[in-house]
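Peer 1: output the structure for:
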Amino acid sequence: MTGPKPTSYREKVVLPVGWEEPDGTLYREAEVRAVTGGDELWIGMSQQYARHPNDLVYKTLLLSRTVTKLGPRTSITPAEISSLHALDVRALEYAVYKLTYGEENLPPEDPASPGG
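Peer 2: Below is the predicted model:
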């Protein structure tokens with residue numbers, strides 16, 4: 001089992017469905033890093049989260065900060081995260097959680113819940 005990783009560490013993630021560019025090019029590789037206190041502070045102070053303080057907005061904003069690469073892109077926006085397939089979002093969340101808290105602290109998979 002592996003523990004939390006420093007925020008300088010990057011991990012590649014293969015997206016189950018993939019992110020599609022407007023020209024139709026499909027990318028299935030992304031890269032993520034662990035969450036920092038600055039990420040959480042930024043989200044807490046954001047106008048979008050202040051207007052809609054819920055888990056979906058939080059996760060979208062968090063992934064826009066912790067996904068360091070999506071296909072060839074290295075600057076990821078909340079709109080790009082929102083355009084991803086739900087399975088891809090789930091894969092990214094899982095990878096970020098694992099880097100931040102360690103594999104031994106992953107929540108158990110629940111086949112009855114959305115996303116498994």
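Peer 1: and stretch 40-48, how far out from the chain's middle?
Peer 2: Averaging C-alpha positions (Cα atoms, centre = their mean, to the nearest Å) puts stretch 40-48 16 Å from its chain's average.
Peer 1: which positions within that stretch qualify as buried?
Peer 2: Ile43 (16 or more other Cβ atoms under 10 Å). The way it works is simple: take the backbone N, C-alpha and C, and place the C-beta from them, glycine included.
Peer 1: could you export stretch 55-71 as CSV, CA atoms only?
Peer 2: Provided in CSV are the C-alpha atoms of stretch 55-71 (Å, rounded to 0.1, in the frame of the first residue of the first chain):
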residue,chain,number,x,y,z
ASP,A,55,-20.4,18.7,-3.8
LEU,A,56,-20.7,18.8,-7.6
VAL,A,57,-19.4,22.4,-7.8
TYR,A,58,-16.7,21.6,-5.2
LYS,A,59,-15.5,18.5,-7.2
THR,A,60,-15.5,20.4,-10.5
LEU,A,61,-13.5,23.3,-9.1
LEU,A,62,-11.1,20.9,-7.3
LEU,A,63,-10.5,18.8,-10.5
SER,A,64,-9.9,22.0,-12.5
ARG,A,65,-7.0,22.7,-10.0
THR,A,66,-5.6,19.2,-9.6
VAL,A,67,-5.8,17.9,-13.1
THR,A,68,-2.5,19.1,-14.5
LYS,A,69,-2.9,17.7,-18.0
LEU,A,70,-5.8,16.7,-20.1
GLY,A,71,-4.7,15.4,-23.5
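Peer 1: please state the offset of it from the chain centre?
Peer 2: Relative to the centre of its chain, stretch 55-71 is centred 4 Å away, using Cα atoms, centre = their mean.
Peer 1: next, the buried residues of it.
Peer 2: By 16+ other Cβ under 10 Å, the buried positions in stretch 55-71 come out as 57-67, 69-71.
Peer 1: quick one: low-confidence residue ranges for the protein.
Peer 2: Counting by pLDDT under 70, the chain has low-confidence residues at 1, 109-116.
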